[in-house]
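*Asks:* quick one, structure for this:
(one chain, ligands or ions: 1)
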Amino acid sequence: MAYTKVAPPEGFSAPGLFATSLEKVIGLARSNSIWPLPFATSCCGIEFMATMGAHYDLGRFGAERLSYSPRQADLLMVMGTIAKKLAPVVEQVYEQMAEPRWVMAVGACASSGGIFDTYSVLQGIDRVVPVDVYVPGCPPRPEQILDGFMKVQELVRNESLRKRYSPEYKEMLARFGIQTIKTA
Ligand code: SF4
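*Replies:* Here you go, the predicted model:
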C-alpha cells in the first residue's frame, strides 16, 4: 500500500524550526485520518467497494479504516437509493455520530433521488441531514468518489475549531430538527 506524502500546513519556517497554529495541525491530522461509515443501499455501493480495492485504494488518504458504528465514524457516506421508510434510519445514524461529523452524498440517488422520482423514494438525503459534498453520477466512477473524498478532506483541513459551537451551526442543525451537539 502506497501512502501519499502530505504537505505541511501554512506556517513560519526557519532552519530547524517550524511554527504553525494548533487549528491547522488539528485540521491536517483530522483530514488524513477520516473514518468513513459506508451506508450503501444499492449499486453505488459497488463503486465504493472498487474505491476501497487495491487499484483505487482509499487507504492512500488515511481512510482505510471503515467504521460500522456511527459512534466511531467521522464521515457518513450515503451511497444508493434511500426509500422514505429508510430516511429516519439515515437521520438516526447521523445523530449518533459524534462531532465533528461530515456527510457525503454519493451518486444521483443519494443526492436527489436520481431516476426514481416516485412516491416511495427520498428525493435527496439533504431532506433529512446536512450534506457537505455531493458526488454526481449514476453511478459515479471510483475516481469521482475519490475526488469527492478529497473535497471533504479540504473542508476538514480548513474547518475552524469554533464552527461546531457557533450559533449558525446550531441553527442549521435545528432546521433539520437535530438539536443535540455531541463532542468526541
Ligand atoms: S445513482 Fe444510479 S448507480 Fe447509484 S444507486 Fe442510484 S441508480 Fe444505482
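
*Asks:* who does the residue lying closest to Asp147 once chain neighbours are set aside form a beta bridge with?
*Replies:* In space, and not counting its chain neighbours, Asp147 is closest to Val135: 7.4 Å by CB to CB, 6 or more residues apart in numbering. Backbone N, C-alpha and C define where each C-beta goes, glycine included. Beta-bridge partners recorded for Val135 (DSSP bridges): Val106.

*Asks:* run a quick neighbour tally on Val135.
*Replies:* Counted by other CB atoms under 10 Å, the residues lying close to Val135 total 26.

*Asks:* that one: what's it in contact with?
*Replies:* Each residue near Val135 by CB atoms under 8 Å, 6 or more residues apart in numbering is listed here: 104-107, 111, 144-145, 147-148.

*Asks:* pass me the low-pLDDT residue ranges in this structure, would you?
*Replies:* Counting by pLDDT under 70, the chain shows low-confidence ranges at 1-4, 180-184.

*Asks:* quick one, helices of it?
*Replies:* Listed in chain order, the helices of the chain (DSSP state H) span 22-31, 44-52, 87-96, 107-112, 142-157, 167-175.

*Asks:* ranking those helices by burial, who's on top?
*Replies:* Burial of the helices of the chain is given as mean neighbour count (mean count of other CB atoms under 10 Å); helix 107-112 ranks first at a mean of 24.

*Asks:* any chance of the helices of the chain in CSV, plus distance to Leu122?
*Replies:* Output for those, formatted as CSV (distance: least, CB to CB, whole Å):
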stretch, distance to Leu122
helix 22-31, 29
helix 44-52, 14
helix 87-96, 5
helix 107-112, 9
helix 142-157, 19
helix 167-175, 17
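
*Asks:* same list (these) but as CSV, adding distance to the ligand.
*Replies:* Shown next, in CSV, are the helices of the chain (distance: least, CB to the nearest ligand atom, whole Å):
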stretch, distance to the ligand
helix 22-31, 26
helix 44-52, 3
helix 87-96, 14
helix 107-112, 3
helix 142-157, 11
helix 167-175, 26
